[in-house]
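**Student:** Predicted model and sequence follow; I will ask about them next.
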Amino acid sequence: MALSFENSRYTSTQWLEAEKSAIFGKLWIFFCLKSQVDKPDRFVARDLLGVPVVVQNIDGTISAFANVCLHRQNRLQSIGAGRGPLICPYHAWRYGKDGEVVRLPLNDSYHQLSQDKVESMRLRQYAVCTVGEFLFINLSGEPLPIEEQYSEQLLADLTSMSEKFDREILIANIKCHYNWKLIYENLRDSIHPRFLHTRTLTRDVVIDHSPPEHLADDYIPTLKELSSGGGLHDHSHDMTPGYGDKIERWGEKNAYFTWLLFPNTHVISPNGGYAFSIEHHMPTAPGETDLTLYFLTGRQKRPLPASVLLEHLRGAKKVLDEDNGEMERVQSVVNSAVTAPVLGAGEADINRLHRWMAANVSLTGAEGVQ
Amino acid sequence: MSHQIIHVVGLAPHVMRAAVILRELHPDRDIQTLELPLLDEFTPDMKPTETLDRATSAVFAACDERALNFTRFGLFFQLKARGFQFVTCISPRASMAPNVKIGQNVFVASGVDIGSGATVEYNSILRGGVRIADGARIGHSVYVGASANIGVECTIGDNSVIGPGVLIGDGVKVGKNCSLMVPGLYTKDVTEKTFYEAGYDGPIRIERY
């Protein structure tokens, strides 16, 4: 199989629509942490490639719905996260845990919708799956089992680590001006840190590059093979941060942990299970991606000052800025490049990603698109 | 009791900044500086302070806004726990109304103007050219950057950092542990543990769920 990965995949709206259909509309997508919505009336609302979604706790049940009122198509929850019942602010229609209309003000005197009609109305509901504290949703009507997307080991790692997550979470958002795939190729590139992050990441972390691997011409990876991770970079020195005695640590291994969850989530513990960050990249246009960052520590035995999470963010932001700067430079020229990317045997993980995408994401009936 | 020696203890460059003002304020006293090494990016090594004698010296704990002022708070707290008395460090070129209340270990730089009825609680720093309007309350361990303007009857919560040139509108309440580093006019209340930093899409927030 000849490997070619059209550069227009990074720049064209048609390709993004194809990815919406084949990836974001079919696979499990990380949405938020369960602790954000595990109390009654808590909610998180986000748009997933133009699909407004709200994950809402109603009477103890966590459900995902289209965040659009059945009445006049207003957003039900208009802020990103908070606490409040699922009531449309426009005309006060209220919804229950199965998306049913439980209150319809002025129905008798004004709307006059029949009882049958009211009872038949349901918000569009999406599948929800929690893996420890990680809450995923699936926009497909027939979601695949999450075990087909992620390996048993990966699911076990997510469950085990998140059992230690504290409930205090820092959340930040960054607008990134590049195609979402670029950063996930970058994260599969184990040699760039020694060139790009010499003043940040590689001052503290020894990052070994992945072994070269020659993929057979006809090899196409499975979905599970696109996600991986663990304690890739072992340290012999003690990684205990200054606040280490105030929190419960996940495990005892001094390692820089990193996990890639296809398609768009990166989980990191930079200091051996004391603190964690989650990077979630959501495309909004071919060359635009919203990055949401979550920072948290292991469960706090004593309250930590707010500066701990803020300084973790500031440290990570230096590395992110280096990556984002390069990705934006690549994005600015990718459409004018005359050849497909040249990948060596050491870049087998990127090669896998390209091969899976080439085999599973196509422009149906989009002749003429380069 | 007025101690003959004042030790300015902390991290560069704030130690020297404070020492210059204290030597101007107290030409008759012995102003000594003690710069502490760092154990990590945020934690000073307190070992060199073990030789200080609280019976003969007062102290000024000097440190910038690092780690949301918690580094300075820790320094202040540890010296206070050992019974040291603190001095304030108020530039003779600052101006303040007669009924202003200033806590211990407060640093007020040249050109600062503090209005009637305002309060600045202990361990806070007001950098050059800051204006604190009438009735404003600055909590403890706050840092207000150069030329920032705090409006009438504002409240700035403990440990918060107000960046250089930031304008806080009249009556606005900034919660504890906030950092407003994006220059501009803030006209709405800011909830605790909210951070405005350059390069982000909207505020950064810490919330306990």
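**Tutor:** Right, received. Where do you want to start?

**Student:** can you list the residues of the stretch 1-150 of chain A near chain B?
**Tutor:** Neighbours of chain B within the stretch 1-150 of chain A, by Cβ under 8 Å from any Cβ of the partner chain: A:33, A:35, A:36, A:38, A:39, A:42. Every C-beta, even on glycine, is put in place using the N, C-alpha and C of the backbone.

**Student:** Out of those, the closest to residue B:196 would be?
**Tutor:** Closest to residue B:196 out of the residues of the stretch 1-150 of chain A next to chain B is residue A:36 (21.8 Å), distances taken as Cβ to Cβ.

**Student:** hang on, the earlier thing: export the residues of the stretch 1-150 of chain A next to chain B to a markdown table and tack on neighbour count, secondary structure and pLDDT?
**Tutor:** Output for the residues of the stretch 1-150 of chain A next to chain B, formatted as a markdown table (neighbours: other Cβ atoms under 10 Å in any protein chain shown; DSSP: H, G, I helix; E, B strand; the rest coil; pLDDT from 0 to 100):
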| residue | neighbour count | secondary structure | pLDDT |
| --- | --- | --- | --- |
| A:33 | 23 | strand | 98 |
| A:35 | 19 | helix | 97 |
| A:36 | 24 | helix | 98 |
| A:38 | 16 | coil | 95 |
| A:39 | 11 | coil | 96 |
| A:42 | 20 | strand | 98 |
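
**Student:** who touches stretch A:305-318?
**Tutor:** A:168, A:170, A:172, A:200, A:243, A:268, A:270, A:275, A:277, A:293, A:295-297, B:41-42, B:67-70, B:159, B:177, B:179, B:193, B:195, B:197, B:199, B:204, B:206 (Cβ atoms under 8 Å, 6 or more residues apart in numbering or on different chains).

**Student:** Recalculate using a threshold of 6 Å.
**Tutor:** In this structure, residues lying in contact with stretch A:305-318 by Cβ atoms under 6 Å, 6 or more residues apart in numbering or on different chains are A:170, A:200, A:243, A:275, A:277, A:295, B:67, B:68, B:70, B:177, B:193, B:206.

**Student:** do the same with stretch B:196-204
**Tutor:** For stretch B:196-204, contacts defined as Cβ under 6 Å, 6+ apart pick out A:172, A:173, A:174, A:175, B:180, B:181, B:182, B:194, B:195.

**Student:** Buried subset of these, written for ChimeraX?
**Tutor:** The following ChimeraX line selects those of the contacts of stretch B:196-204 that are buried, judged by 16 or more other Cβ atoms under 10 Å in any protein chain shown:
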select /A:172,174 /B:180,182,194,195
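
**Student:** which one of the contacts of stretch B:196-204 is nearest residue A:91?
**Tutor:** Proximity of the contacts of stretch B:196-204 to residue A:91 (Cβ to Cβ) peaks at residue A:173, which lies at 30.2 Å.

**Student:** next one: phi and psi at that closest one?
**Tutor:** Main-chain torsions, residue A:173, degrees, to the nearest 10: phi -130, psi 140.

**Student:** Look up how far residue A:345 lies from it.
**Tutor:** Distance from residue A:173 to residue A:345, counting by Cβ to Cβ, to the nearest Å: 37 Å.

**Student:** Give me the buried positions along stretch A:350-368.
**Tutor:** Buried residues in stretch A:350-368 (16+ other Cβ under 10 Å): A:350, A:351, A:352, A:353, A:354, A:355, A:356, A:357, A:358, A:363.

**Student:** Might you list the low-confidence residue ranges for the stretch 1-150 of chain A?
**Tutor:** The model of the stretch 1-150 of chain A has pLDDT under 70 over residues A:1-4.

**Student:** What segments of it are strands?
**Tutor:** Secondary structure of the stretch 1-150 of chain A (DSSP state E, counting those that start in this stretch): strands located at A:29-33, A:42-48, A:51-58, A:61-66, A:81-83, A:94-95, A:101-103, A:125-131, A:134-138.

**Student:** Only C-alpha atoms, please: export stretch B:66-81 in CSV.
**Tutor:** What follows is stretch B:66-81, C-alpha atoms only, in CSV (Å, rounded to 0.1, in the frame of the first residue of the first chain):
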residue,chain,number,x,y,z
ARG,B,66,5.6,34.2,42.9
ALA,B,67,3.3,31.3,43.4
LEU,B,68,0.3,33.6,43.8
ASN,B,69,2.0,35.3,46.8
PHE,B,70,2.2,32.1,48.7
THR,B,71,6.0,32.1,48.8
ARG,B,72,5.9,35.5,50.5
PHE,B,73,3.1,34.4,52.8
GLY,B,74,5.1,31.3,53.8
LEU,B,75,8.1,33.4,54.5
PHE,B,76,6.1,35.9,56.6
PHE,B,77,4.3,33.1,58.4
GLN,B,78,7.4,31.2,59.4
LEU,B,79,9.1,34.3,60.7
LYS,B,80,6.0,35.4,62.6
ALA,B,81,5.7,31.9,64.2
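
**Student:** contacts for that stretch?
**Tutor:** By Cβ under 6 Å, 6+ apart, the surrounding residues in contact with stretch B:66-81 are A:305-307, A:310-311, B:10, B:42, B:44, B:46, B:59, B:61, B:63, B:105, B:123, B:141, B:143, B:159.
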